[in-house]
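In: no sequence for this one, just the structure:
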């Protein structure tokens, strides 16, 4: 019997096992995607339903009493009487002001945090100074401190600085740097060949010059990644802006849309409006993340984070 005749059944069995393994992988992937996307679909289904029909049609997979009044309430273009008739709270909302405040806060936090974190990451990865590794270890210890533990001291500090109810007061606690951003950028900076900096120093450049003219341009991809993650995190922040902002002048979108949790005397919460508000606040970040997902994965892999 020839060798080909012997190996043919073995190859057929291996191909069959690979085919079944691939099918199983696709099934598992489909289940994971379904579990992930189903809450988004249910949010959309609730947002397109009327409050009066939600309880009666709770078992329906499609919107009940289809209408877009909830989105009209979110954008502040629905009259108070009409909003009350549809089960809303009747309170006004300045959507575009809240949106502008969120963009300003997220931009301030992103620009400041990425720049100062890059400076710290460069100092920890390239500069040699006594106690560098010890300070870096203590700095990374901040990753183990829950953010909620810092709310009270940050609030006292912002109050003493007179920045309560201001956009700067919302931005300042996270605008300088964070341990994760420093760690992320330091991992990338350590992969940059030292010979490039040594050559630049021989040509008369300085450490500061190397940072601005060499390291930062070469780090465009990871810095774009950390900027995106920082922007999304700042956009979705809720508890800290809720503590600091008291008026519409400094209210961000996530806090402003909380008005839909209010209950009217005759009905419960405005569930349709609340789901529409959640969708409006989440969609821009979902789209931004989807468009940049490949770059984020590539940057994390190249930086050496496991």
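Out: Happy to help now that I have it. Because the structure is a prediction, the values reported are computed rather than measured.
In: So for stretch 160-172, what gets flagged as buried?
Out: For stretch 160-172, burial by neighbour count (16 or more other Cβ atoms under 10 Å) applies to 163-164, 166-167, 169-172. Where you see a C-beta, it was placed from the backbone N, CA and C, and this is true even at glycine.
In: now these in JSON lines, with secondary structure and distance to residue 56?
Out: Compiled in JSON lines, the buried residues of stretch 160-172 are given as follows (DSSP: H, G, I helix; E, B strand; the rest coil; distance: Cβ to Cβ, whole Å):
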{"residue": "163", "secondary structure": "coil", "distance to residue 56": "49"}
{"residue": "164", "secondary structure": "coil", "distance to residue 56": "45"}
{"residue": "166", "secondary structure": "coil", "distance to residue 56": "46"}
{"residue": "167", "secondary structure": "helix", "distance to residue 56": "43"}
{"residue": "169", "secondary structure": "helix", "distance to residue 56": "45"}
{"residue": "170", "secondary structure": "helix", "distance to residue 56": "41"}
{"residue": "171", "secondary structure": "helix", "distance to residue 56": "45"}
{"residue": "172", "secondary structure": "helix", "distance to residue 56": "48"}
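In: What is the nearest of those residues to residue 196?
Out: residue 171 (34.5 Å; Cβ to Cβ).
In: how much space between the nearest residue to the closest one once chain neighbours are set aside and residue 244?
Out: Computed as Cβ to Cβ, 6 or more residues apart in numbering, the closest residue to residue 171 that is not its neighbour in sequence is residue 108, at 4.2 Å. Between residue 108 and residue 244 the computed distance is 14 Å (Cβ to Cβ, to the nearest Å).
In: go on, residue 187?
Out: 32 Å.
In: Compare the two and say which is more crowded by neighbours.
Out: For residue 187 and residue 244, the more surrounded residue by other Cβ atoms under 10 Å is residue 244, and the numbers stand at 25 against 17.
In: Could you measure from the more buried one over to residue 100?
Out: 17 Å.
In: after the host helix or strand of residue 35, next one along is what?
Out: Assessed by DSSP states H and E, residue 35 sits inside helix 3-47. Downstream of helix 3-47, the next assigned helix or strand under DSSP H and E is helix 51-54.
In: count of residues packed around residue 275?
Out: 22.
In: Secondary structure class of it, three-state.
Out: helix (DSSP: H, G, I helix; E, B strand; the rest coil).
In: And it, how far from residue 23?
Out: 36 Å.
In: And the residue nearest the centre of the chain?
Out: residue 232 (2.9 Å; Cα atoms, centre = their mean).
In: And the protein, split by domain according to the record?
Out: 3-85, 95-261 (automatic domain parsing).
In: Turn the ones you listed into TSV, including mean pLDDT and distance to residue 287.
Out: Converted to TSV, those look like this (pLDDT from 0 to 100; distance: least, Cβ to Cβ, whole Å):
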stretch	mean pLDDT	distance to residue 287
domain 3-85	74	12
domain 95-261	87	11
